[in-house]
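**Student:** Need coordinates for the following:
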Amino acid sequence: AGRCALELAPQPYPAIVALSGENGDGCWRLAAEPLHAEVDAQRLRELGESKARATPGTGPGLYFALHLLSLIRQSQGSTALRASATQADDEVLIGLVPTAVGGTSIDAWVPGAPLFEHMVVQTSHALALASSKIQSPAQSTPTPGPPTLAAVLWHQGESDADTPEHAAAYGSKLASLLRGLRAALGTHVRVPVVVCGIGGRPDRVPHKDQVRAAQLAACAGASLVCLCIAA
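**Tutor:** Numbering: from 1, shown residues only. Model (predicted):
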């Protein structure tokens, strides 16, 4: 859900929007941190048995979208994003679908668990909404063409680094999540998944190295999955 200070957040950009709401009934808005203010709420924290007390801050979502947009524009022959934040990129529009709930174990995210099912509902709603209309506040007309999932960002695991038993079981549960996610996404079954290796101080996550090793093993055993190591 993001815990970094909000003053470190990147500025909103017209070509990047986010799905609002937490019940699959939201609409598109300009993406701005904290992206998960509505999703990382009491109802979902209770469903996911969250141990977190912190409120959402800056996470990886908006940074990823900006980087992806830069890569797309470079592939189209442009060297950079538009200088003015009031100008939209008519060629492409990126929609973020916030689903993270901080302080949760992977047990809340395996297929059939409440947060996994919520993630699927939110994604399905976003795709349906994008099929009919998706535009940023700076665009006068919707972006043409069918919506495509660009990637799934997975940054979780600190809650499972508390005991050797939880850390040892993490890899098989992550592999189950990846398989279930592919099945649930249907026609988007080939979407890439970016897994972020957990960070954290040793006193908070004493079995961090075990969870990282489990993440690496799960990624090595799945297609279109890559692992990014955090500090």
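
**Student:** switch to C-alpha atoms for all contacts and neighbour counts from now on
**Tutor:** OK.

**Student:** Show me what Ala18 is bridged to.
**Tutor:** Beta-bridge pairing of Ala18 under DSSP bridges involves Arg29, Leu96.

**Student:** Does it touch Pro98 like I think?
**Tutor:** Yes: with contact defined as C-alpha atoms under 8 Å, Ala18 counts as touching Pro98 (7.2 Å).

**Student:** Mutual contacts of the two, please.
**Tutor:** Shared contacts of Ala18 and Pro98 (C-alpha atoms under 8 Å, 6 or more residues apart in numbering): Leu35.

**Student:** Which residues are in contact with Leu129?
**Tutor:** Cys27.

**Student:** Quick check: mean pLDDT of the strand or helix carrying it?
**Tutor:** Leu129 belongs to helix 114-132 when assigned by DSSP states H and E. Taken as a whole, helix 114-132 carries a mean pLDDT of 89.

**Student:** And for stretch 30-49?
**Tutor:** Here the average pLDDT along stretch 30-49 is 93.

**Student:** got the buried residues for that stretch?
**Tutor:** 30-40, 44-45, 48-49 (16 or more other C-alpha atoms under 10 Å).

**Student:** now, the most widely separated pair of these?
**Tutor:** The span of the buried residues of stretch 30-49, defined through C-alpha to C-alpha, is set by Leu30 and Glu49 at 29.8 Å.

**Student:** The chain: strands as residue ranges?
**Tutor:** Using DSSP state E, the strands of the chain run over 16-19, 28-30, 94-96, 152-154, 193-197, 225-229.

**Student:** among those strands, which is nearest Val120?
**Tutor:** Comparing the strands of the chain by C-alpha to C-alpha, strand 152-154 comes nearest, at 11.5 Å.

**Student:** Mind listing what's buried along that closest one?
**Tutor:** By neighbour count with 16+ other C-alpha under 10 Å, strand 152-154 contains the buried residues Val152.

**Student:** Likewise for stretch 117-127?
**Tutor:** 117-127.

**Student:** Can you tell me which helices and strands whichever helix in the chain runs longest packs against?
**Tutor:** Of all segments of type helix in the chain, defined using DSSP state H, the longest is helix 164-184. In terms of contacts (3 or more C-alpha pairs under 8 Å, 6 or more residues apart in numbering; DSSP states H and E), helix 164-184 is packed against helix 208-220.

**Student:** repeat that with 10 Å
**Tutor:** Counting contacts by 3 or more C-alpha pairs under 10 Å, 6 or more residues apart in numbering; DSSP states H and E, helix 164-184 packs against helix 114-132, strand 193-197, helix 208-220.

**Student:** which residues touch the spatially most central residue of the chain?
**Tutor:** By C-alpha atoms, centre = their mean, the chain has its centre lying nearest to Leu153, at 4.0 Å. Taking C-alpha atoms under 10 Å, 6 or more residues apart in numbering as the criterion, Leu153 is in contact with 60-61, 64, 100, 192-196.

**Student:** same check, this time on Asp107
**Tutor:** Here Asp107 is in contact with 48-49, 113-116, 160, 166, 170, 173-174, 177 (C-alpha under 10 Å, 6+ apart).

**Student:** Buried ones from those, can you make that a ChimeraX selection?
**Tutor:** Listed next is the ChimeraX selection for buried residues among the contacts of Asp107, using 16+ other C-alpha under 10 Å:
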select :48,49,115,116,160,166,170,173,174,177
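
**Student:** Residues contacting the worst-scoring helix or strand of the chain on mean pLDDT from elsewhere in the structure, which ones?
**Tutor:** Among the helical and strand segments of the chain, the one scoring lowest on mean pLDDT, DSSP states H and E is strand 225-229, with a mean of 79. Strand 225-229 is contacted by residues 151-152, 154-155, 178, 190-199, 212, 215-220 when judged by C-alpha under 10 Å, 6+ apart.
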